[in-house]
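Student: Got a sequence here, can you build the structure:
(one chain, ligands or ions: 1)
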Amino acid sequence: MRRTRTVISILLLTLLFSGCVSSQKPFVTPVILADKSAEALRERAVDLQYHRQRQVMKIWHRLVKENAELCQQNLHGSLEIGLGFAGLYFPPLRSVYKDRWQVGERPTIIYLPEDGVAARGGVQLGDQITAVNQQPVPKEDISTWVEEILLPAIRNQERVSLSLIHQDGTPLTLTQAPTSVCRFPVEIHDDDGIYAATVEGRLAYATQGIIRFVRDEDQLAWALGHELAHLIMRHNQPNAEREYSADYLGTYLTARAGYDPASIIDFWQRLATETPATIEMTDHMQHPSVTIRIEQIQAAIKEINDKKANQQKLLPNI
Ligand SMILES: [Zn+2]
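Tutor: Numbers count the residues shown, from 1 in each chain. Predicted coordinates for the structure are as follows:
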């Protein structure tokens with residue numbers, strides 16, 4: 001698989017939530033064109049990516065927060081902030097991120113759920129982090145500092161002290177107990193394939209291809225909920241049984257996060273139209289047929305709707 005990683009640093013939310021992302025892949029050094037039309041296209045590219053990063057941060061945050069009780073021992077702390085910073089972005093776009101969204105060298109808050117720990121403590125969108133537990137952000141290699149100092153401080157400690165600076169220059173120090181969320185991070189990968197997946201049981205990602213293909217946020221939420229289900233159930237190699245069980249649990253995770261899982265039926269039908277091979281079953285049942293998956297997802301949705309109607313908690317029957 002191609003592995004250009006765009007990083008969504010969904011840092012804390014999973015990033016924010018949890019997991020940051022590193023930019024291990026060296027960027028090719030481009031010749032940067034200075035004309036106006038190139039600048040206009042860069043602005044559109046940045047706006048598109050910024051929107052996608054925030055959308056994935058929002059969905060993932062809801063999934064890992066609302067399903068914390070189903071993640072059992074797989075929990076860690078979160079301040080409920082989504083971060084971006086220049087080192088994560090393609091070099092020609094860095095100054096555009098700064099001009100349009102005030103995302104500079106230092107980790108900057110690019111997503112902030114209103115009811116989250118950080119928002120309640122006075123943090124605002126666009127705030128820059130200057131230190132954690134009195135350890136200042138370094139001048140260089142901010143990605144390493146984020147992964148090795150900032151994220152462990154938030155995830156593993158009962159209280160964390162985060163120093164920030166608002167856009168108007170006013171400093172703020174937030175001393176808070178992080179909230180518990182499922183410990184898995186999420187990323188966006190630059191890949192045109194229409195899918196989401198997990199890496200080594202550690203993290204989930206969505207491709208640019210699936211983000212483009214979905215028709216609404218509910219569909220992307222279901223796709224990521226399915227991957228969170230694989231992570232919770234510790235699936236390694238895929239097979240049909242595991243796909244069915246991730247569909248079942250993932251449908252619950254999606255509904256519990258406040259999304260409508262029924263929207264995914266349209267996604268599977270359109271995907272089958274584009275790639276008819278998914279209608280069939282392979283020899284060894286590595287990949288189940290989309291028609292069987294749809295039937296089983298519909299059964300799970302009915303089970304969930306019955307529970308809602310009876311005012312029962314949405315707990316999967318496993
Ligand atoms: Zn799967």
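Student: got any ranges where this protein has weak pLDDT?
Tutor: Residues of the chain that meet the criterion pLDDT under 70 lie in 1-28, 282-286.
Student: Show me what from it comes close to the ion.
Tutor: 243, 246 (Cβ under 5 Å from the ion). Heads up, the C-betas are built off the backbone N, CA and C, glycines and all.
Student: switch to 6 Å and redo it
Tutor: 226, 230, 238, 243, 246 (Cβ under 6 Å from the ion).
Student: Now for the second one, how many residues are close by?
Tutor: A count of neighbours around residue 230, defined by other Cβ atoms under 10 Å, yields 23.
Student: all strands in the protein, in order from the N-terminus.
Tutor: Taking DSSP state E to define them, one finds strands in the chain at 4-6, 11-12, 16, 75-78, 82-84, 108-111, 128-132, 135-136, 160-165, 171-176, 179-182, 186-190, 196-199, 203-207.
Student: would a markdown table of these with mean neighbour count be doable?
Tutor: Putting the strands of the chain into a markdown table (neighbours: other Cβ atoms under 10 Å) gives the following:
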| stretch | mean neighbour count |
| --- | --- |
| strand 4-6 | 17 |
| strand 11-12 | 34 |
| strand 16 | 35 |
| strand 75-78 | 23 |
| strand 82-84 | 29 |
| strand 108-111 | 26 |
| strand 128-132 | 20 |
| strand 135-136 | 13 |
| strand 160-165 | 20 |
| strand 171-176 | 14 |
| strand 179-182 | 22 |
| strand 186-190 | 24 |
| strand 196-199 | 20 |
| strand 203-207 | 25 |
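Student: Turn those strands into CSV, columns for distance to residue 298.
Tutor: Shown next, in CSV, are the strands of the chain (distance: least, Cβ to Cβ, whole Å):
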stretch, distance to residue 298
strand 4-6, 34
strand 11-12, 35
strand 16, 33
strand 75-78, 31
strand 82-84, 33
strand 108-111, 32
strand 128-132, 45
strand 135-136, 51
strand 160-165, 43
strand 171-176, 42
strand 179-182, 26
strand 186-190, 27
strand 196-199, 20
strand 203-207, 23
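Student: sorry, back to before: quick check: the two most widely separated of the residues of the chain next to the ion?
Tutor: 226 and 238 (11.4 Å; Cβ to Cβ).
Student: quick one, which of these two is more surrounded?
Tutor: More crowded of residue 226 and residue 238, by other Cβ under 10 Å: residue 226, with 25 against 15.
Student: Not counting its neighbours along the chain, what's nearest that one?
Tutor: residue 250 (3.6 Å; Cβ to Cβ, 6 or more residues apart in numbering).
Student: cool, and residue 66?
Tutor: residue 257 (4.5 Å).
Student: Contact partners for the one you found?
Tutor: 59, 62, 63, 65, 66, 67, 221, 225 (Cβ atoms under 8 Å, 6 or more residues apart in numbering).
Student: Against residue 256, how distant is the fifth one?
Tutor: Think residue 66. Between residue 66 and residue 256 the computed distance is 5 Å (Cβ to Cβ, to the nearest Å).
Student: Looking at the two, which one has more neighbours?
Tutor: residue 256 (22 against 19).
Student: Could I get the full set of helices for the stretch 151-300 of the chain?
Tutor: 151-156, 208-213, 217-232, 240-256, 264-274, 290-309 (DSSP state H, counting those that start in this stretch).
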